[in-house]
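Student: Below is the sequence, then the predicted model.
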2 protein chains.
Amino acid sequence: MATTSEPSQSEKPKAYKVLGTRPIRHDGTDKVTGRAKYGNDVQLSGMIVGKILRSPHAHAKIRSIDTSKAEAMPGVLAIVTSADFPDLEHKIADLGEGAVDLMYLSENVLAREKVLYHGHAVAAVAAKDAYTAEAALKKIIVDYEVLPAVTWVLDALQPEAPVIHENLKVAGFGQGSDLPKNVAKHLEFEQGNPEEGFVAADLVIEREFKTASVHQGYIEPHTATAHWNQDGRLSIWTSTQGAFTCRQQTAELLQIPVSSVTVYPMEIGGGFGGKITVYLQPVAAMLSRKTGRPVKLTMSRSEVFQGTGPTPGSYIRVKMGATKDGKLTAAEAYLAYDAGAFPGGMIGPGCMCVFSCYEIPHARVVGDDVLLNKPKSSAYRAPGSTQAHFASESVMNELAEQLGIDPFAFRMMNAAKEGTRRVDGPVYPRIGLVETLEALQNSEHYQSSPPSGPHQGRGLACGFWFNGTMKSSAHASVNADGTVHLVEGSTDIGGSRTSLAMQLAETLGISAEDVHPQVADTDSVGYNDVTGGSRVTFATGLAVYKVGLDIQRQMQERAATLWECEPEEINVEEGVYRYADQSLTFKELAGKILAIGDPIVGKASVSPHGSTNGFGAHLVDLEVDPDTGKVKILRYTAVQDAGKAIHPSYVEGQMQGGAVQGIGWALNEAYLFDDEGHLLNPTFLDYRMPTCFDVPRIETIIVEVPNPSHPYGVRGVGETPIVPPPAAIAQAIYQATGVRMQELPMSPPNLWKALKEKASASE
Amino acid sequence: MATTSEPSQSEKPKAYKVLGTRPIRHDGTDKVTGRAKYGNDVQLSGMIVGKILRSPHAHAKIRSIDTSKAEAMPGVLAIVTSADFPDLEHKIADLGEGAVDLMYLSENVLAREKVLYHGHAVAAVAAKDAYTAEAALKKIIVDYEVLPAVTWVLDALQPEAPVIHENLKVAGFGQGSDLPKNVAKHLEFEQGNPEEGFVAADLVIEREFKTASVHQGYIEPHTATAHWNQDGRLSIWTSTQGAFTCRQQTAELLQIPVSSVTVYPMEIGGGFGGKITVYLQPVAAMLSRKTGRPVKLTMSRSEVFQGTGPTPGSYIRVKMGATKDGKLTAAEAYLAYDAGAFPGGMIGPGCMCVFSCYEIPHARVVGDDVLLNKPKSSAYRAPGSTQAHFASESVMNELAEQLGIDPFAFRMMNAAKEGTRRVDGPVYPRIGLVETLEALQNSEHYQSSPPSGPHQGRGLACGFWFNGTMKSSAHASVNADGTVHLVEGSTDIGGSRTSLAMQLAETLGISAEDVHPQVADTDSVGYNDVTGGSRVTFATGLAVYKVGLDIQRQMQERAATLWECEPEEINVEEGVYRYADQSLTFKELAGKILAIGDPIVGKASVSPHGSTNGFGAHLVDLEVDPDTGKVKILRYTAVQDAGKAIHPSYVEGQMQGGAVQGIGWALNEAYLFDDEGHLLNPTFLDYRMPTCFDVPRIETIIVEVPNPSHPYGVRGVGETPIVPPPAAIAQAIYQATGVRMQELPMSPPNLWKALKEKASASE
């Protein structure tokens, strides 16, 4: 059962009419009946099909590409390689979530001099149908000079490692001359004096951790349909987290004005950060330009695994010190993250998150973003934070044990709060970690006895994600029947149409059902950054709130016309407009608008700063099968500060979904490579994600400590819940078996091996 | 050759950068390559086809409709009759151009107790394909009790005439008890003392005129595709002049909230006023509700002629008096216009327009809107004005002749000007009739000798249309590349995307090509009235101008952030933003917006009042073939005050298109009925419209007397040019043959007959 914890009396939330209720989602019918249009549903007259040729090697020079035989095939209409694309200089484009080097982005879309990972796109064919296109791929002759490949981050740091980019020089990415050649970015953060801090500690623990590459695993593969019109205007229908980002990246790679590209964001079957970067869109566009026809490209599942960004695999070393009464004195971490084949990985947030849950006076974090022969790492739900917290929260649990302090109490003693300075600099405003931990403590799950059967254990861990803000625009118009049409540009992945409609409804004093939200294309609405960073309900919500105020002001003006008074004399409360003894509801007033003045349209654009700071704490009970190493989750509770849960069902859904993905990271998921760097398991059969058979119902507790930077107190909620599971599960496994797992995934073979090693060590 | 006349020195127009140029239309490529999507291009998954059963009788009671056999046919999915629609009370809905009685609108969409014209829709079938649907129509058994029909307006006024609506009672339409039973509306306007005015005249002429019903003849038949979703939301893709009007009418007829209907206006293949009222949309919607499938209905050409509104046929009596030195002293007119089968015809504007070109101290106008067994009359380009001006301008020409005054000079002496009061009340602001006549006088055509061959003649006439204003909304967002996406809701019939983009470009100091306009659906943009009344370039243009000011204000704010000054300190001229010694063009500043603040979106809604008053004068040379009565147009010049011609090519196009349609009215077009009221010529073979073989190139002269109520001086231009042709041609025929034609069309048989009568009279 989902419950909501009580906030402290001083922060008693306002009484809302709409916020906190659970209306049926506006797009529900279309999703349920199959009418909703996804990228692959796009059908255009004259449309043809494209397919991508991918590298069979993890690392190789491209000596030549001979497309002549393929081009000669009947039904083949065009072939493109990187030679068809503009030569780009290195240039950092600030495209919302994470800067992107355009030259590297272009090379990732279609390889130039080298292929850098198994599955790297090399060429693309457009043909009358998929069969012809696939047959044509086999006729393209690529002459490769195979090079040694490296797929483990520590190997890539060795002096003898194959060098991924010989002339690595990335504007905006600092690189010391003494760094290993595959380091694309090197970061250092420090506060206080870590050496002194460790001296002050009674107990110091230092451990090493390793995590595998894992994929976002969205159910819908990437798809893009492009039509390059004869007037030079390019239309793209695609599954994307950010229509405007897709627009800008595509325009930059093709060197055409951004305004000549229109991106129509289709419904999206999951993204989790993996559908921000372009892969297919520029290729579909170029095939369309060559053929004059609309071209659709859709990836197979294997192409998704091979060609799109997983989260970084990592090596992390964490050292933490505490006094014997449980006060953290110092912490130090070194993180080496897979960048994949191109610079621009998740090392930054990894470093910033590793100690983000605690007040630590002295700390140092060093990080390397490391190039190797894997697909370029991509954002994946709290990118970089899960790896980091697996390490730091595991050390926290071990410290607590060795100090003889309850792990919950240990966390409460050191929990970050308003005024805590994070190692990378920011000082937290009002945050809700303490309240989150308290809510966990008060939960039925926490209060129940830990499972006491053989090989059973309980584990606890915290997690953090910044939650982004960035830029959003929206507008809305008032209908004569008192409803409002809302137009926004944030692609709806997790129900944001409804969470935005609810905020507008609350602002205007009408019902959620009386707001009709839609996600518009890039021509039709003001600029919006990506749906990512758990920012939409916050930032687009803020825009929508301001749209509401704009509408309300105009409604006051119309009422003033009607009542022959000044707009300021009209009192508005919960959607009722009052002057003297006269009153009209929003609906009644809306019915009179067109008769007495201009139509009413409200609009707003916002660019809030900072983070909304989401903290969570998870509790897990599990049982280990000692004969197989298989872990069975017995009970799982996720607690999180949502600031204000606009639509609690969605917040719970995010918490449950994040927890399940975190459980997948913890117990099963991993990219498997052979020595030549071939990806061995690019299918859902071999790449094992949790199914409903693997997890119990995730219990959720929503904490509401209002975010002071949002009128309704909203914090992002989507990302934080993926962070705690690996460390919580590792702790529970330790409780169950006495084995501290320091490598993900803690899959049956890995755990079985560890159990065996422990058994043989104790023999 | 098109030329532009010089305005008077005092009104020298501002120097514009964009206005008055002729950029390529933004939608040109799609129109030329066939990519533009019209209503019939809509394809939806699961879509089925509907067909309409139409009455074979002009007037009959419906005793019963038996659909059982049709319903039993395989592949027939639903049948609807009026019984499936809500019973509506009489209610006048103010739907933009002309009020509509909803009960009558519903009965016009599908007949209830009686069919009222040949082709009146009776039932509709939805089936898996068109063949099945058509076969099913034949299986529907309608038991009719045929009634006598009346199709000529004077016949319908006779006491013994068949009564169209037994219980005629129309809220808002005055009906005196002593009026004939088929009079749906009776109007009287008077100023001064007409009796005294006629006494003061030296010459009084009174003549009778008759005009036939003519159709707008748009190339694209009506089409509508509807999908009634399971969540109760209705989507309609259709060819319409007003998406919001279509939305409201459909919602009212179906008795569902207006906000639950989304109308997607497709490209439109002509409207001319005939695509404002709904015909197919509610029927497609109901068929969709019954079947759960998207349903497409498309009319054949015969259905367009039979089932959609032509312009009223009319009887007009005009009496005018003048002094011997050419001063008009009094005028009187009686107009009886076809309402068609339902009230709500064009008698109002007919009465208001009949003497609108002249300063007449004493005048009386009486009008009757008359019900008869024809399709309900619809707006058609300057609705009601062409008939009225045919009458009054013909009398003006005859007066001039009998007074021995040049018809041009006679008009100049009496021309309406600023301060002239029209018979229906309004006093003109600054108008351009005098300048228009002067421009005609200065034209090479006017200065050339009239054609002097046998049976050749020259004619002159003036015309007027109010030009509407109504409500418009628009918004626009600034792209990082310095372009602007403009979203507006006025369906683009005559190039308004470009005329609006140009006004925004002028306001912002950028090029027309740097504005990307689109016409949005009813969910995506603020309320907009129909594209009609020649209002869009004026009123939506005004909205777009205000959008530009809104954007400019925000750009100033961003520049102020950049330069650390106050927004008011920034000088903006022709798109360059300046402060102290710093300056940035719009494009340069746009590139910095996202880095320094909120995205920029501008929006505006407007509801201007009044009319923009468009006057025109046409000159025609022609030759009559005395053996056949066929008229050949030798030369034709149209002169018109456009206020400011935003895109002169479009203004010229409107003048040419209007003139050609007026020539069609004058020389050929007519609905032909038999005695039972059957329409005999519902095809383009038998209903003769002018083709390129029938008219020479129409010469155009644009006059620019700025409209004081628009920042760029815009007046509507689309309607006025259809008005002068019949009277000008009648005068030229008189000059050529000595016969004064007082009935339209002056077709070969009619003119031949008149020539014969004249010949036999003079024998």
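Tutor: Now that the structure is in, tell me what you want to look at.
Student: C-alpha from now on. contacts and neighbour counts both.
Tutor: OK.
Student: residues contacting the closest residue in space to A:Glu401 that isn't next to it in sequence?
Tutor: Once its chain neighbours are removed from consideration, A:Glu401 has its nearest residue in A:Pro407; the separation is 7.2 Å (CA to CA, 6 or more residues apart in numbering or on different chains). Applying CA atoms under 8 Å, 6 or more residues apart in numbering or on different chains, one finds that A:Pro407 lies in contact with A:396-397, A:400-401, A:460.
Student: which pair in those residues spans the largest distance?
Tutor: Farthest apart among the contacts of A:Pro407 by CA to CA are A:Glu401 and A:Leu460. That separation is 12.3 Å.
Student: out of these two, which sits in the more crowded spot?
Tutor: Using other CA atoms under 10 Å in any protein chain shown as the criterion, A:Glu401 and A:Leu460 rank with A:Leu460 on top: 27 against 13.
Student: In PDB, could you pull the C-alpha coordinates for stretch A:124-131?
Tutor: What follows is stretch A:124-131, C-alpha atoms only, in PDB (Å, rounded to 0.1, in the frame of the first residue of the first chain):
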ATOM      1  CA  ALA A 124      22.800   3.300 -44.500                       C
ATOM      2  CA  VAL A 125      20.700   2.200 -47.300                       C
ATOM      3  CA  ALA A 126      17.200   3.400 -48.400                       C
ATOM      4  CA  ALA A 127      15.200   1.000 -50.500                       C
ATOM      5  CA  LYS A 128      11.700   0.300 -51.500                       C
ATOM      6  CA  ASP A 129      11.200  -2.100 -48.700                       C
ATOM      7  CA  ALA A 130      13.000  -3.600 -45.700                       C
ATOM      8  CA  TYR A 131      14.000  -6.800 -47.400                       C
END
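Student: buried ones in that stretch?
Tutor: When burial is assessed from 16 or more other CA atoms under 10 Å in any protein chain shown, stretch A:124-131 yields the following buried residues: A:124-128, A:130.
Student: Quick one: the residues you listed as a markdown table, columns for distance to A:Ile633 too.
Tutor: Supplementary listing: those in a markdown table, determined by distance: CA to CA, whole Å:
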| residue | distance to A:Ile633 |
| --- | --- |
| A:Ala124 | 44 |
| A:Val125 | 46 |
| A:Ala126 | 47 |
| A:Ala127 | 49 |
| A:Lys128 | 49 |
| A:Ala130 | 43 |
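Student: which parts of the stretch 1-150 of chain A sit against chain B?
Tutor: When proximity is defined as CA under 8 Å from any CA of the partner chain, the stretch 1-150 of chain A approaches chain B at A:Thr29.
Student: quick one: low-confidence parts of the stretch 1-150 of chain A?
Tutor: Counting by pLDDT under 70, the stretch 1-150 of chain A contains low-confidence residues at A:1-13, A:93-99.
Student: What residue in it comes nearest to chain B?
Tutor: Of all residues in the stretch 1-150 of chain A, the one sitting closest to chain B is A:Thr29 (5.9 Å; CA to the nearest CA).
Student: That residue falls within a helix, correct?
Tutor: Yes - counting by DSSP: H, G, I helix; E, B strand; the rest coil, A:Thr29 is located in a helix.
Student: got the residue ranges for the helices in the stretch 51-200 of chain A?
Tutor: In order along the chain, the stretch 51-200 of chain A carries the following helices (DSSP state H, counting those that start in this stretch): A:68-71, A:102-109, A:130-139, A:153-156, A:194-199.
Student: My error: substitute the stretch 501-650 of chain A in the last question.
Tutor: Along the stretch 501-650 of chain A, the stretches classed as helices by DSSP H, counting those that start in this stretch are A:541-563, A:586-590, A:593-596, A:648-667.
Student: lowest-confidence stretch among those helices?
Tutor: Across the helices of the stretch 501-650 of chain A, helix A:593-596 has the smallest mean pLDDT, namely a mean of 92.
Student: So what's the gap between it and the chain middle?
Tutor: Averaged C-alpha coordinates place helix A:593-596 at 45 Å from its chain's average position (CA atoms, centre = their mean, to the nearest Å).
Student: What residues sit buried inside it?
Tutor: Of the residues in helix A:593-596, those buried under the neighbour-count criterion (16+ other CA under 10 Å) are A:593-594.
Student: What is that helix packed up against?
Tutor: The helices and strands touching helix A:593-596, judged by 3 or more CA pairs under 8 Å, 6 or more residues apart in numbering or on different chains; DSSP states H and E, are helix A:541-563.
Student: Name the residues that touch the helix it packs on?
Tutor: Among residues not part of helix A:541-563, those counted as contacts by CA under 8 Å, 6+ apart are A:472-476, A:478, A:499-501, A:503-504, A:507-508, A:566-568, A:570, A:577, A:579, A:589-590, A:593, A:596-597, A:600-606, A:710-711.
Student: go with 7 Å
Tutor: Outside of helix A:541-563, the residues that reach it under the criterion CA atoms under 7 Å, 6 or more residues apart in numbering or on different chains are A:472-476, A:500, A:503-504, A:507-508, A:566-567, A:570, A:593, A:596-597, A:600-606, A:710.
Student: So the nearest residue to the residue of the stretch 1-150 of chain A closest to chain B once chain neighbours are set aside, which state does it fall into?
Tutor: By the measure of CA to CA, 6+ apart, the closest residue to A:Thr29 outside its immediate chain neighbours is B:Asp231, 5.9 Å from it. The assignment at B:Asp231 comes out as coil when based on three-state DSSP.
Student: Just give me the neighbour total for B:Asp231.
Tutor: A total of 12 residues lie near B:Asp231 under the criterion other CA under 10 Å.
Student: related to what we said a few turns ago, right, so the helices of the stretch 51-200 of chain A: which one is the most enclosed?
Tutor: With neighbours defined by mean count of other CA atoms under 10 Å in any protein chain shown, none of the helices of the stretch 51-200 of chain A is more surrounded on average than helix A:102-109, at a mean of 23.
Student: Against which helices or strands is that helix packed?
Tutor: Identification of packing neighbours for helix A:102-109 by 3 or more CA pairs under 7 Å, 6 or more residues apart in numbering or on different chains; DSSP states H and E yields no helix or strand.
Student: can you give me how far it is from the chain middle?
Tutor: Between the centre of helix A:102-109 and the centre of its host chain there is 21 Å, according to CA atoms, centre = their mean.
Student: I would like the residues contacting that helix, please.
Tutor: Contact partners of helix A:102-109, identified using CA under 7 Å, 6+ apart, comprise A:88-93, A:121, A:253, A:279, A:342.
Student: mind running it again at 6 Å?
Tutor: Applying CA atoms under 6 Å, 6 or more residues apart in numbering or on different chains, the contact partners of helix A:102-109 are A:88-91, A:279.
Student: Generate TSV for those residues, with neighbour count as supplementary columns.
Tutor: TSV is the format used below for those (neighbours: other CA atoms under 10 Å in any protein chain shown):
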residue	neighbour count
A:Leu88	17
A:Glu89	10
A:His90	15
A:Lys91	16
A:Tyr279	25
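Student: Quick check: of the residues you listed, which lies closest to A:Ala184?
Tutor: The shortest distance between A:Ala184 and any of the contacts of helix A:102-109, using CA to CA, involves A:His90 and amounts to 13.8 Å.
Student: Check the gap between the residue lying closest to the closest one once chain neighbours are set aside and B:Thr211 for me.
Tutor: Counting by CA to CA, 6+ apart, A:His90 lies nearest to A:Met103, which is 5.2 Å off, once chain neighbours are set aside. Counting by CA to CA, to the nearest Å, the gap from A:Met103 to B:Thr211 is 71 Å.
Student: again with A:Arg293
Tutor: Using CA to CA, A:Arg293 is found at 51 Å from B:Thr211.
Student: hang on, A:Leu77 packs against A:Ala127?
Tutor: Yes - using CA atoms under 6 Å as the test, A:Leu77 is close enough to A:Ala127 to be in contact (5.1 Å).
Student: Quick check, A:Met266 in contact with A:Thr240.
Tutor: No - counting by CA under 6 Å, A:Met266 sits too far from A:Thr240 to count as a contact (7.6 Å).
Student: of those two, who's got more company?
Tutor: With neighbours defined as other CA under 10 Å, A:Met266 and A:Thr240 compare such that A:Thr240 has more, 34 against 27.
Student: residues contacting that one?
Tutor: For A:Thr240, the residues meeting the contact criterion (CA under 6 Å, 6+ apart) are A:Lys275.
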